[in-house]
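Undergrad: have a look; sequence and predicted model below, questions after that.
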Amino acid sequence: MKRMFAVLMVIVMLFSTAACSSSTDTSADKTGNTAQSGDSKSGGTTSGATSSDKTVEIRFSNWDGGATLDAYEAAINAFMKENPNIKVTNLNIPSEYDTKITAMIAANDAPEISILNSDTLLYPLAEEGKLVNILDLIKNDPEFDGSDLIDNLKYMRDPNFMAGYGIGPQNICLFYNPALFKKYGVEEPPAKYENAWDWDTFVENAKKLTIDKNGKNALDPGFDPENIDTYGVTFGKWWAIYMPLVLSSGGDYLNADGTATGMDSPEAINAMQKMADLIWVHHVSPTPIASQTMPGLSESIATNKVAMSINGQWTNSDLMADGVEYNVAVLPKIGSKAKTVMTAGCLSILDTPKKEAAWEFFKYMCSPGAVSALEKSGLWLPSVKSGYTEEYLKEMITDKHPANYYESICLPMLDGTAEPPTTSWVVNFSKINDVLTPALDPVWAGESSYADAIRGAISQLNAEVKGRRDK
Amino acid sequence: MYIKDLKKLCCLIYENSIGGDNVPKGSITAFKTQRATKSNSSTMSRRRLLTNIAGWGFALPAILGFLFFNIVPMALSAYYSLCDYNVIGASVFTGLKNYISLFDGSDPAFWASVKATVKYTVLAVPANLIFSFMIALMLNRPMVGRAFFRSLFYLPSIVPAVANSFVWLLLMNPDFGLFNVILDFLGLPESKWIWGEKTVIPSIVFMGIWGTGATQVIFLAGLQNIPRVYYEALEIDGGNAWHKLWKVTIPMISPTMFYNLVMGIIGALQVFNASYIMTNGGPNNASLFYVYNLWRQAFTYMDMGKASAMAWLLFITILMLTAFVFRTSKKWVYYEGGDE
């Protein structure tokens, strides 16, 4: 009896390990025997549909949650209604996105179409030949008007290879709290970039709007910078926030031929020091520590904690949803012209046998109206030029949008004010950024001047500079 | 569906081992008849064989698991540490390039991470050992509510790392966190805690002390194993509490201390959560711990070659440190039942 039991246990264990390790073997060599339903199903989908009338299944991978995810689902359903022979599965990966996509590609199970991080995964995949050159697809598709794509949103591996396209573009702008401007008698910031405030005006107004606990503003000699109740301006400490000012000052992330960083140029030093001075010289902006505990922008504006904020346009969706009384304006200028930069999720097609079906979905996602829910919510801007007609924008801009949305946010997209995302043209961006960001910590903390900080990091920075993609 | 094949396989193993000449190979009926007709002479060897098969069978899942989830990945990472490998593309053999690039100064982040980790280990290991030993000593004394306090001190260990980190982020907030409020109240200078380059590592060590419940429990178990007779003997000889601690408790607890020291060093060199959840390695890379840097190489930069090289360096370092501690242990660890 014991012996029988032992033999039985051995068999069970051998069976379980064999079942774990070799399911592919058995489904391959056992034809008529016992076909596993799960195996045959996945086999059918990955091998692709050969006959034309058969449904093609593609997977669209993305990481967003909330309203964006809902809008993706809606867009997918609308697309499938129009294209009954293409079935799109939404592959939503909310965390460790790059790792999971990499693992899928390594396992030869890549999703057919993906939103990719332009600063991490996009270009390494393009360089390994895992992505389709979208220029080829445009060339082979007479129905598609390639000139409708916005040049600044093309993620070009090199001038002849388009690795992806920025859908749902966004830009950086100035959010402000009209109630505080009214209360302290400050003129509201301009709506058009040609009227942008110069830096001194911006600082002067920020000072008028920065109020300590005794009700004194930052221009008052008795102002107490240790106990500020209302800040004149808040800003993030990352590339998309400081690049518009660096660009306006005449600097850039890299030098003209892409051989060294541009962040040590006199223009960049001027812009970056001016930003740090907002915190430590003018006392109109919270210290990094104080920022840690600031509530979100909705609450900061609603409770009159903040008068202005340099922030991403996508913040509109939160402010609009929360019903906050606010408006948007253009960023101030440092040099002769004010600038902003775009950011976008990059939509790429992976090199799979189903790239044609993925291309259909790609075109749909770029077309005006496909994700109108996101445009109406204030999160995204239209992805192609034809989405910037007055007619379309009027439909997209709801009465919840802030009054200056069209002039301060939509117009700069096509008139040359909004520069391409820095991540799209700087080779090796993430590594350069990972040297620059920690080096800036002492600057934002008021422990070092920007010039000293950048001088200390310059050899490390330049060691990571590997050229520019646009030249 | 594989049962048939596997039965066959078992039969084959069985037949080969008993050397049955006249048995048609692979036949299940033969297997059955054999069992019925074989003489008693081979019963013993058969039983031993079955015991062997059963033994191996029981051990097999663990062995296979160890093989496939430890040995194979380790061998692969050793190979990849000699390659340029980004997972998506093919690996290119580059020899010692990854190791050289770590040491030739071209990667300052590497040295920043080594510095942060060494600093953390030097502070955290003794701090955790001393603190948890002291708590264990206290919890070992007869007192009212002992069970309650034992649970209380263990409680932080079961709080998830993320929740724990967020609580400490609030406590250490320089503007309104409880710690600065207390310092202010006592008239002491406030600290920037994890937001200061100089204070971030000590702050993380301080936070770590809170979660040493597991070490405390091990110490407590060690303390409870010390025979009372030694203390009684000391009392008779006129020893006081100090003597009890130095002459009995510490020598008797030294094996536990040794175990906790080794585990503490291994854990400290692999510290990760604090920089991942709380500081992102900042400010200015002051808390860029080695494993966090390794993780970033692997999963942000997709540089698996370099990450593997870093992992092997860490492995060798831990191995050597552990060997060193084992070496010295002969001098300071006392085993009651040990061979003299």
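TA: Perfect, I can see it now. Numbers count the residues shown, from 1 in each chain, chains lettered A, B, ... in the order given.
Undergrad: any idea how far A:D452 lies from chain B?
TA: For A:D452, the distance to chain B (CB to the nearest CB, to the nearest Å) stands at 13 Å. From N, CA and C alone the C-beta is placed, and that goes for glycine too.
Undergrad: go on, A:V371?
TA: 28 Å.
Undergrad: A:Q292 now?
TA: 7 Å.
Undergrad: for that residue, give me its contacts.
TA: Listed by CB atoms under 8 Å, 6 or more residues apart in numbering or on different chains, the contact set of A:Q292 reads B:N173, B:W195.
Undergrad: not counting sequence-adjacent ones, nearest residue to the closest residue to chain B within the stretch 251-400 of chain A?
TA: Nearest to chain B, among the residues of the stretch 251-400 of chain A, is A:I289, at 4.8 Å (CB to the nearest CB). In space, and not counting its chain neighbours, A:I289 is closest to B:P174: 4.8 Å by CB to CB, 6 or more residues apart in numbering or on different chains.
Undergrad: tell me the mean pLDDT for stretch B:91-98?
TA: If you average the pLDDT over stretch B:91-98, you get 91.
Undergrad: residues of it that come out buried?
TA: B:S91, B:K97, B:N98 (16 or more other CB atoms under 10 Å in any protein chain shown).
Undergrad: next structured bit after the helix or strand where the residue of the stretch 251-400 of chain A closest to chain B lies?
TA: In this assignment (DSSP states H and E), A:I289 forms part of helix A:288-292. Using DSSP H and E, the helix or strand that follows helix A:288-292 in sequence is helix A:297-302.
Undergrad: for the helix holding A:I289, which residues meet the burial criterion?
TA: Going by neighbour count (16+ other CB under 10 Å), the buried part of helix A:288-292 is A:P288, A:I289, A:A290, A:S291.
Undergrad: excluding its backbone neighbours, what's nearest the first one?
TA: It refers to A:P288. Per CB to CB, 6+ apart, closest to A:P288 is A:W444, 4.9 Å.
Undergrad: count the neighbours of the one you found for me.
TA: 22 (other CB atoms under 10 Å in any protein chain shown).
Undergrad: you'd agree it is up against A:I289?
TA: No: when contacts are counted by CB atoms under 8 Å, A:W444 is not listed as touching A:I289 (9.9 Å).
Undergrad: for the chain, which segments count as strands?
TA: This is for chain A. Assigned by DSSP state E, the strands in chain A fall at A:56-62, A:86-92, A:113-116, A:154-158, A:161-176, A:211-212, A:228-235, A:306-312, A:327-329, A:340-349, A:418-419.
Undergrad: the intended chain is chain B.
TA: B:83-84, B:92-93.
Undergrad: redo these as JSON lines? Include distance to B:A274.
TA: Output for the strands of chain B, formatted as JSON lines (distance: least, CB to CB, whole Å):
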{"stretch": "strand B:83-84", "distance to B:A274": "31"}
{"stretch": "strand B:92-93", "distance to B:A274": "35"}
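Undergrad: separation between B:G281 and A:P420?
TA: Separation of B:G281 from A:P420 (CB to CB, to the nearest Å): 29 Å.
Undergrad: please name the residues that touch residue 78.
TA: In the absence of a named chain, chain A is used. A:A370 are the contacts of A:A78 under CB under 8 Å, 6+ apart.
Undergrad: that's the other chain; I wanted chain B
TA: With CB under 8 Å, 6+ apart, B:A78 has these contacts: B:S308, B:W312.
Undergrad: count the neighbours of the one residue in the stretch 51-200 of chain A that gets nearest to chain B for me.
TA: Distances between the stretch 51-200 of chain A and chain B by CB to the nearest CB are smallest at A:E128, namely 4.2 Å. A:E128 has 15 neighbours, counted by other CB under 10 Å.
Undergrad: that one against B:G89, yeah?
TA: Yes: counting by CB under 8 Å, B:G89 is a contact partner of A:E128 at 4.2 Å.
Undergrad: just want to know which of B:G281 and A:P420 has more residues nearby.
TA: B:G281 (25 against 21).
Undergrad: report the contact partners of that one.
TA: Taking CB under 8 Å, 6+ apart as the definition, contacts of B:G281 comprise A:P438, B:S275, B:S287, B:L288, B:F289, B:Y292, B:N293, B:R296.
Undergrad: isn't A:A321 up against A:S377?
TA: Yes: contact criterion CB under 8 Å: A:A321 and A:S377 qualify, at 7.2 Å.
Undergrad: the more surrounded of those two?
TA: Neighbour totals were compared for A:A321 and A:S377, and A:S377 leads with 23 against 15 (other CB under 10 Å).
Undergrad: contacting residues for A:D257?
TA: A:R468, A:K471.
Undergrad: revised request: answer the last question for A:V330.
TA: If you count contacts by CB under 8 Å, 6+ apart, then A:V330 has A:173-174, A:189-193, A:195-196, A:338, A:340, A:408, A:412 around it.
Undergrad: hmm, which of these are the buried ones?
TA: Buried, going by 16+ other CB under 10 Å: A:C173, A:L174, A:P189, A:P190, A:A191, A:Y193, A:A196, A:A338, A:T340, A:S408, A:P412, out of the contacts of A:V330.
Undergrad: out of those, which is nearest to B:N240?
TA: A:L174 (73.0 Å; CB to CB).
Undergrad: what's opposite the closest one in the beta bridge?
TA: A:I310, A:A329 (DSSP bridges).
Undergrad: and it, what does it touch?
TA: Contacts of A:L174 (CB under 8 Å, 6+ apart): A:P189, A:M308, A:S309, A:I310, A:N311, A:V328, A:A329, A:V330, A:L331, A:P332, A:S408.
Undergrad: which residue packs closest to the first one, ignoring adjacent ones?
TA: With CB to CB, 6+ apart as the measure, A:A329 is the residue that lies nearest to A:P189, at 3.6 Å, once sequence neighbours are left out.
Undergrad: about what we covered before: in JSON lines: the contacts of B:G281, plus neighbour count, distance to B:A54 and pLDDT.
TA: Listed next are the contacts of B:G281 as JSON lines, based on neighbours: other CB atoms under 10 Å in any protein chain shown; distance: CB to CB, whole Å; pLDDT from 0 to 100:
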{"residue": "A:P438", "neighbour count": "22", "distance to B:A54": "58", "pLDDT": "91"}
{"residue": "B:S275", "neighbour count": "29", "distance to B:A54": "48", "pLDDT": "91"}
{"residue": "B:S287", "neighbour count": "27", "distance to B:A54": "51", "pLDDT": "93"}
{"residue": "B:L288", "neighbour count": "25", "distance to B:A54": "51", "pLDDT": "94"}
{"residue": "B:F289", "neighbour count": "29", "distance to B:A54": "46", "pLDDT": "96"}
{"residue": "B:Y292", "neighbour count": "22", "distance to B:A54": "45", "pLDDT": "95"}
{"residue": "B:N293", "neighbour count": "25", "distance to B:A54": "47", "pLDDT": "94"}
{"residue": "B:R296", "neighbour count": "21", "distance to B:A54": "47", "pLDDT": "90"}
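Undergrad: among those, which lie within helices?
TA: Residues of the contacts of B:G281 located in helices (DSSP state H): A:P438, B:Y292, B:N293, B:R296.
Undergrad: please name the residues that touch the nearest residue to the third one once chain neighbours are set aside.
TA: With CB to CB, 6+ apart as the measure, B:S113 is the residue that lies nearest to B:N293, at 3.8 Å, once sequence neighbours are left out. Counting by CB under 8 Å, 6+ apart, B:S113 touches B:N285, B:L288, B:F289, B:Y290, B:Y292, B:N293, B:L294.
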